[in-house]
Structure formats: C-alpha cells, structure tokens
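Peer 1: Just need the structure, nothing else, for what follows:
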Amino acid sequence: FLYLEVRTIPRYKLLFKEASRRLSDALSETLMSKELRQSEERFRTFSEQTMLGIGLIQDDRITFANQAFCDLFEVSIEELLSMPPKGFMRFVHPDDRAFVSMQVQKKQRNQSGAVGTYEWRAITATGRVRWVEIHSKTIHIGGGFADLICLLDVSKIHKTGQDLQSLVEERTAALKKKTMELEDAYDQLSRLDRMKSMFLTSVAHDLRTPLTSVLGYVQLIRKDLEKVYQDRKEDRAATRILSNLEIVSSEARRLNGLFDVFMDLTAIHEGSAKWKDVPVDPVSILSGVSDSFRYRDQYSDAVRFEVNIPEKLPLLHLDPKRLVQVVSVLLDNAFRHTAEGVVSLAASAEGGHFVLTVSDTGSGIPAADLAKVFEPFHQVDTGDTLNRTDKGPGLGLTLCRQIVEHYGGVMEIDSIEGKGATFIVRIPLPGEAS
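Peer 2: Numbers count the residues shown, from 1 in each chain. I've put the predicted structure just below:
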C-alpha cells in the first residue's frame with residue numbers, strides 16, 4: 001500500500017499537469033479564434049465600406065473579394081470565388097493580360113522585381129472596358145504566399161486625359177495651321193513690301209530728274225523776271241509773279257527733300273546705304289545748321305530761336321551728312337509745330353556720349369502718340385482742323401532714329417500735349433561703349 005502511494009501520486013500529478021496544459025491550450029485557441037473572428041469581422045466591415053476594390057489571390061484563385069471589387073467587374077461574389085484557377089484573367093484586356101498575369105504570379109511566389117502599382121484595362125462581365133489602377137503586395141497567409149490587391153476605377157481620369165490630349169492635339173493643329181497661314185501672309189507682305197519699295201524707288205528716281213529741271217528753270221525764270229522788273233518793283237503783278245515763283249521753288253525743294261528722305265530710308269532698310277564716316281567737329285555742323293534756320297521765312301516770326309552750343313566738343317566719327325539730316329529734321333519739326341514761343345538747340349558731352357537736345361513750346365505730342373512718333377508715315381493729330389500746313393510725310397523722325405541707332409545711339413522724347421516737346425539724341429563718343 002505504501003509502495004502504491006509513493007508510485008501513484010507522481011502519476012496523478014503528471015496527468016493533472018497534462019490535463020491543465022491541454023485545457024490551457026484549448027482555452028488559448030478559443031480566445032485566439034475569437035480575436036481572429038473579431039479581426040476578420042472588422043476587416044470585412046472596413047472592406048465593404050471602402051470605395052476600393054479589395055481582393056486576395058492565392059493559388060491562382062480569388063479567395064476573397066469585397067463588394068466594390070465585384071462591382072468593378074460587374075459580377076457577383078459567388079461567381080468570383082467559384083472561378084477555376086486563373087479564371088479571373090478573363091476580366092483582363094487581351095493587350096494587358098500577359099503583363100498582369102506575370103505580376104500576379106510574381107506576387108504569389110514572393111519573387112523580386114514585381115511592380116506594385118500600375119494601370120491596366122479591365123473588361124467587365126457585360127463587355128465594358130474600364131481603366132483600373134492596381135496597388136498590390138505579397139502577404140503570408142494560411143501557410144503560403146498570396147497577392148493582396150486594391151483596385152481603383154480611373155476610367156474618368158483617363159477619359160479626361162484623352163479629351164485633354166485630343167483638345168491639345170486639335171489646338172496644336174489649329175495653331176500650326178494659323179502659323180502656316182501667318183508665314184504665308186508674312187511672305188506675301190514681304191514680297192509686296194519689296195515690290196512697293198522697288199516701285200517707289202523707281203518712281204522717285206524718275207521724278208527727281210524732271211523735278212531738278214523744274215527747280216532749275218524756275219530759278220532761271222525768276223532771275224530773268226527780276227531783271228525785267230528791276231525798275232518796276234512796285235508793280236503788283238510783278239510782285240505776285242515773283243512770289244509765286246518763290247512758292248514753286250520752295251515746294252520743289254521740299255519735294256526733292258522728301259525724295260532724299262525716302263531714298264535714304266529705303267537704302268538703310270535694304271542695307272545698301274553708304275556711310276562716309278570721318279572725324280567730325282559737331283560744333284561746326286550744329287552752327288551751320290542753326291544759322292540756316294535763323295533766316296528761313298517759312299516759320300513764324302513769333303518764334304524765338306535759342307542756341308546753346310559750347311565752343312568745343314569732342315570729335316565724332318560719323319557721316320557729317322547724316323548728322324546734318326538729324327539736326328535739320330528735329331529743328332524743322334520743332335518750328336513747324338510751334339506757332340509762337342521758343343525753339344531751342346543745345347549740345348553737350350555727358351557720360352561718354354554726345355548729347356543733342358531740341359525742344360520747343362509748341363503743340364506737343366499726345367501721350368497716345370509718343371510710342372508711335374518714330375513709325376514710318378505716322379502723323380500726330382494736334383486737333384487743329386483749320387491748319388494742316390505743319391503736316392509732314394511722317395518719315396523724318398523715322399530716318400533720324402535709323403541714323404542714330406546705326407551709330408549705337410538712342411533717341412528719347414519727352415512731351416506734354418499743348419506744352420511742347422523735347423527730343424534728346426545720345427551718340428557714343430569714339431572709343432566709348434554703346
């Protein structure tokens with residue numbers, strides 16, 4: 001009896017210990033199953049409420065899919081889960097099937113080089129084509145690897161992109177067509193411009209010869225008449241004839257000057273102008289031009305001419321004829337637009353530049369015309385409808401700017417309508433940077 005007691009007590013303890021372990025394992029398994037069921041319930045609740053299509057592919061079969069996943073392919077959950085291995089590939093567009101199949105296989109085998117995110121075309125059970133974006137990764141479940149995928153329908157985004165691309169292509173084609181039309185129009189305008197220049201140049205050449213003859217004969221007639229009527233200076237008829245001849249002579253010289261301006265502009269534009277640059281004393285040039293304007297009777301006697309030229313200025317290297325043209329045009333404009341007041345001419349050397357300033361107290365230039373005064377044939381409207389004698393052809397200032405820019409200079413203008421205008425010319429001195 002004592003022997004049995006000694007032997008049996010340890011055995012019962014062992015049985016109790018084993019029973020306790022098994023009970024504990026069973027209880028733990030029960031608790032884990034409960035937690036697993038709760039986790040699964042939470043996952044299903046989340047997956048059914050999300051807009052993403054969530055599915056699980058393992059052993060080439062779809063083992064889980066939420067409702068959004070099924071709606072994407074327009075198929076029921078039961079049909080998806082009952083498909084044979086790789087049966088789901090019928091929902092993949094034939095052009096994308098090889099790539100998608102390769103990615104699914106890599107994910108199920110946990111192979112490297114798999115693409116996690118990409119887009120492909122799905123074909124629904126009703127035959128509609130949809131663009132979907134897939135986000136997938138390999139997970140370990142049930143003792144093996146599986147492909148957990150999330151799908152998002154991006155068909156509208158693709159349609160918007162295609163519409164935008166079509167619109168861009170359409171606009172690009174229209175722009176290309178317009179560009180070609182503009183290029184053709186530009187070529188035609190350039191051709192017409194060349195024809196116009198050739199025509200006007202030819203006309204100017206043809207008219208200049210007879211005009212020179214007219215001017216010469218007018219001067220001869222005037223001299224002859226002055227001899228005939230030298231003793232009859234009070235004769236009104238003689239006075240009228242001589243006055244008319246002076247008008248003819250003056251207009252002929254003006255017309256000849258217009259031809260010169262036009263010919264110069266054409267030559268500069270075509271690059272055929274001749275520039276006879278030599279060292280020039282600007283003081284001598286300005287003094288000569290200013291003296292010629294002091295005695296011109298075509299300008300108003302109510303205008304005072306002020307000249308402020310220093311006794312000495314640095315030499316310029318340019319064509320003296322061009323400098324005379326610039327100064328003459330600016331002074332002529334100032335006098336023609338000033339009925340009374342002051343016209344002034346000034347010159348100086350400042351900051352490595354020869355600076356020429358011509359200002360007046362005349363009609364001025366409207367603000368809207370300031371940016372256009374150097375354009376060919378532009379006419380400034382002073383608002384005076386009764387007096388149009390101050391209207392020029394609109395080429396003088398254009399020629400001035402072309403000449404000044406040829407020598408690396410600039411022309412500036414400052415004007416207030418009704419209070420006059422100031423033109424400033426800046427030309428770099430020899431050896432100075434433009």
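Peer 1: Could you list the low-confidence segments of this protein?
Peer 2: Applying pLDDT under 70 to the chain flags residues 1-48, 197, 200-201, 203-208, 230-234, 257, 295-300, 377-394, 432-434.
Peer 1: can you give me the helices for it?
Peer 2: With DSSP state H applied, the chain shows helices at 2-49, 67-73, 77-81, 94-108, 155-228, 236-270, 282-294, 320-336, 396-406, listed in chain order.
Peer 1: ok now the shortest one, how far from the chain's centre?
Peer 2: Offset of helix 77-81 from its chain centre (C-alpha atoms, centre = their mean, to the nearest Å): 59 Å.
Peer 1: need the strands for the stretch 301-434 of the chain, in chain order.
Peer 2: With DSSP state E, counting those that start in this stretch as the criterion, the stretch 301-434 of the chain has strands at 303-308, 316-318, 341-350, 353-360, 410-416, 420-428.
Peer 1: got TSV for the ones you listed, with mean neighbour count too?
Peer 2: C-beta: built from backbone N, CA, C; applies to glycine. TSV is the format used below for the strands of the stretch 301-434 of the chain (neighbours: other C-beta atoms under 10 Å):
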stretch	mean neighbour count
strand 303-308	14
strand 316-318	20
strand 341-350	17
strand 353-360	21
strand 410-416	15
strand 420-428	21
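Peer 1: so which of the helices of the chain gets nearest residue 428?
Peer 2: helix 396-406 (10.6 Å; C-beta to C-beta).
Peer 1: Could you export the helices of the chain as JSON lines, including distance to residue 344?
Peer 2: Shown next, in JSON lines, are the helices of the chain (distance: least, C-beta to C-beta, whole Å):
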{"stretch": "helix 2-49", "distance to residue 344": "88"}
{"stretch": "helix 67-73", "distance to residue 344": "86"}
{"stretch": "helix 77-81", "distance to residue 344": "96"}
{"stretch": "helix 94-108", "distance to residue 344": "83"}
{"stretch": "helix 155-228", "distance to residue 344": "32"}
{"stretch": "helix 236-270", "distance to residue 344": "23"}
{"stretch": "helix 282-294", "distance to residue 344": "10"}
{"stretch": "helix 320-336", "distance to residue 344": "8"}
{"stretch": "helix 396-406", "distance to residue 344": "17"}
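Peer 1: In JSON lines: these, plus distance to residue 357 and mean neighbour count.
Peer 2: Converted to JSON lines, these look like this (distance: least, C-beta to C-beta, whole Å; neighbours: other C-beta atoms under 10 Å):
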{"stretch": "helix 2-49", "distance to residue 357": "83", "mean neighbour count": "10"}
{"stretch": "helix 67-73", "distance to residue 357": "81", "mean neighbour count": "19"}
{"stretch": "helix 77-81", "distance to residue 357": "91", "mean neighbour count": "14"}
{"stretch": "helix 94-108", "distance to residue 357": "77", "mean neighbour count": "16"}
{"stretch": "helix 155-228", "distance to residue 357": "32", "mean neighbour count": "12"}
{"stretch": "helix 236-270", "distance to residue 357": "22", "mean neighbour count": "15"}
{"stretch": "helix 282-294", "distance to residue 357": "11", "mean neighbour count": "16"}
{"stretch": "helix 320-336", "distance to residue 357": "9", "mean neighbour count": "21"}
{"stretch": "helix 396-406", "distance to residue 357": "13", "mean neighbour count": "20"}
